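[1] Kindly generate the corresponding structure for this input.
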Amino acid sequence: MNSGPEGLRFAVLGDSLSEGVGDPLPGGGWRGWAGLLAEALGEDVVLLNTARSGALCGDVAGPQLAAALRHRPHLASVLVGGNDTLRGGFAIDRVAAELHTTIGALRATGAEVLTACLPDPGTVLGLPWPLARPLGRRMRALNDTVHALSAHHGTIHLHAAAHPWSTSPGSLSADRLHPSEAGHRVLARDFHVLLAAAGLATGPGPGLGTDGPPPGRAASVWWMATRGTRWVADRCTDLLPDLLRLAWAEYRSQARGTAVLLDAASDEATAAALASLGLAPAPVADYTRRGARTGTKRILLPGADWAAAGSEVSGTTPMTG
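    Numbers count the residues shown, from 1 in each chain. Next up is the predicted model:
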């Protein structure tokens, strides 16, 4: 990753997680893990953050990718897909093709690319099993796809979904959907660890000390009263009819003892999506142990808690926009 005399160009693609939602700047806007990582990589980093809240894989493969390629990045990140699993008409073949296009185009320019698998939204949101299992199946399909694409394209991949979910104090922002500043800081530090292990970063990583206290319950109540209702309504309009259909199918399959067939159908659809791209599913090992080997580069998995830096309980943060 040679930056050249003009500095290291870093392009960030994705949804609200990479936009930085949950880590506000004093003058407005968001900083987030990508901004924190850029600061740690040096003063000559030229950051272009194209990530936007609500973005789907198609948005990233379209306008975001075009802008990123114009930036001619030495380093890029592609963290997206969580919103696709929360939309009606989710199709893993479309998602796989869009991610393949995005990552492949960035790697073709010689850029190093950061990727990550995502946590199960049903578990994160604490949904009842008839709702949680279909969403979990979608997220498994997405993560299996990202594993395979990361191995194929040789990305620097963070196995974030391997960490158990934690609700430690200070883990989430006021909206209870995105990481707080503490969560963003740990995510930035985790990526810095991987870059350093690959010989692509030197010096100290992002600090874990926060600039202010975590949002309290009052902030969460205020967000729900002023913005949360609209967020829920927007998602329900799109996802709810499809999710209710999936939940009914889940309930019937459970009652008949055929739920395993739904898992098999999802796995077959994922394998078919990858096969259509000329790829095979990548083996997914137990990435909860340090020193796990990805399909691309050997990494030392950070043992930090994204949800609450410094706590003893490991965790992840929601990644939906």
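[2] low-scoring stretches of this structure, by residue?
    In the predicted model of the chain, residues 1-5, 123-126, 162-177, 213-237, 284-321 satisfy pLDDT under 70.
[3] thought Ala196 was touching Thr202?
    Yes: at 7.0 Å, Ala196 and Thr202 qualify as touching, with contact defined as CB atoms under 8 Å. The way it works is simple: take the backbone N, C-alpha and C, and place the C-beta from them, glycine included.
[4] So which of these two has more stuff around it?
    Legend: neighbour count by other CB atoms under 10 Å for Ala196 and Thr202, higher for Ala196 (15 against 9).
[5] residues near Ser77, how many?
    Using other CB under 10 Å, Ser77 has 29 neighbouring residues.
[6] What of Ile103?
    Applying other CB under 10 Å, we find 26 residues neighbouring Ile103.
[7] can you check Leu127 too?
    Using other CB under 10 Å, Leu127 has 18 neighbouring residues.
[8] Against Ile92, how distant is the nearest residue to it once chain neighbours are set aside?
    Distances taken as CB to CB, 6 or more residues apart in numbering put Leu135 closest to Leu127, at 7.0 Å, once the chain neighbours are dropped. According to CB to CB, to the nearest Å, Leu135 stands 13 Å off from Ile92.
[9] for Trp129, same thing?
    For Trp129 relative to Ile92 (CB to CB), the value is 22 Å.
[10] who's more crowded, the two?
    Higher neighbour count among Trp129 and Ile92: Ile92, with 23 against 14, using other CB under 10 Å.
[11] Name all residues that make contact with that one.
    Residues in contact with Ile92 (CB atoms under 8 Å, 6 or more residues apart in numbering) are Arg138, Ala141, Leu142, Thr145, Ser266, Ala269, Thr270, Ala273.
[12] From those residues, pick the one nearest Arg52.
    Distance to Arg52, by CB to CB, is smallest for Leu142 among the contacts of Ile92, at 18.9 Å.
[13] Packing partners of the helix or strand hosting the residue nearest to Leu127?
    Assigned by DSSP states H and E, Leu135 belongs to helix 129-153. The elements that helix 129-153 packs onto, with contact taken as 3 or more CB pairs under 8 Å, 6 or more residues apart in numbering; DSSP states H and E, are helix 82-85, helix 92-108, strand 112-116, helix 121-125, strand 156-158, helix 229-256, helix 259-276.
[14] Ok, which of those comes nearest Leu69?
    Per CB to CB, nearest to Leu69 of the helices and strands packed on helix 129-153: helix 92-108, 6.5 Å.
[15] What residues of that closest one count as buried?
    By neighbour count on 16 or more other CB atoms under 10 Å, the buried set for helix 92-108 is 92-103, 105-107.
[16] Would you mind measuring from the residue lying farthest from the centre of the chain to Ala273?
    Most distant from the centre of the chain: Arg256, at 34.6 Å, with distances by CA atoms, centre = their mean. Distance check for Arg256 against Ala273: by CB to CB, it reads 27 Å.
[17] One more: Gly205?
    Distance from Gly205 to Ala273, by CB to CB: 35 Å.
[18] returning to what we had before: which one of the helices and strands packed on helix 129-153 lies nearest to Glu39?
    Among the helices and strands packed on helix 129-153, the nearest to Glu39 by CB to CB is strand 112-116 (15.7 Å).
[19] Between Gly205 and Ala273, which is the more surrounded one?
    Ala273 (23 against 20).
[20] Which residues are in contact with that one?
    Listed by CB under 8 Å, 6+ apart, the contact partners of Ala273 are Ile92, Asp93, Val95, Ala96, Ala97, Thr145.
[21] so what's the fourth one up against?
    Applying CB under 8 Å, 6+ apart, one finds that Ala96 lies in contact with Thr145, Leu149, Thr270, Ala273, Leu274, Ser276, Leu277.
[22] Just give me the neighbour total for Glu268.
    By other CB under 10 Å, neighbour count at Glu268 equals 10.
[23] give me the element the closest residue to Leu36 other than its chain neighbours is part of.
    Leaving aside its chain neighbours, Leu36 sits nearest to Ala188 (3.8 Å; criterion: CB to CB, 6+ apart). Assigned by DSSP H and E, Ala188 falls within helix 181-197.
[24] now Leu69
    In this structure, Leu69 is located in helix 65-71 according to DSSP H and E.
[25] do the same with Ser77
    In this assignment (DSSP H and E), Ser77 forms part of strand 75-79.
[26] got it, and Phe10?
    strand 9-14.
[27] what about that strand, distance to the chain center?
    Centre-to-centre, strand 9-14 and its host chain are 14 Å apart (CA atoms, centre = their mean, to the nearest Å).
[28] Quick check: what element follows that strand along the chain?
    Downstream of strand 9-14, the first helix or strand assigned by DSSP H and E is helix 16-19.
[29] Which neighbouring elements make contact with that following helix?
    helix 32-41, strand 75-79.
[30] List the buried residues in stretch 189-207.
    Of all the residues in stretch 189-207, those buried under the rule 16+ other CB under 10 Å are Arg189, Asp190, Phe191, His192, Val193, Leu194, Leu195, Leu200, Ala201, Gly205, Pro206.
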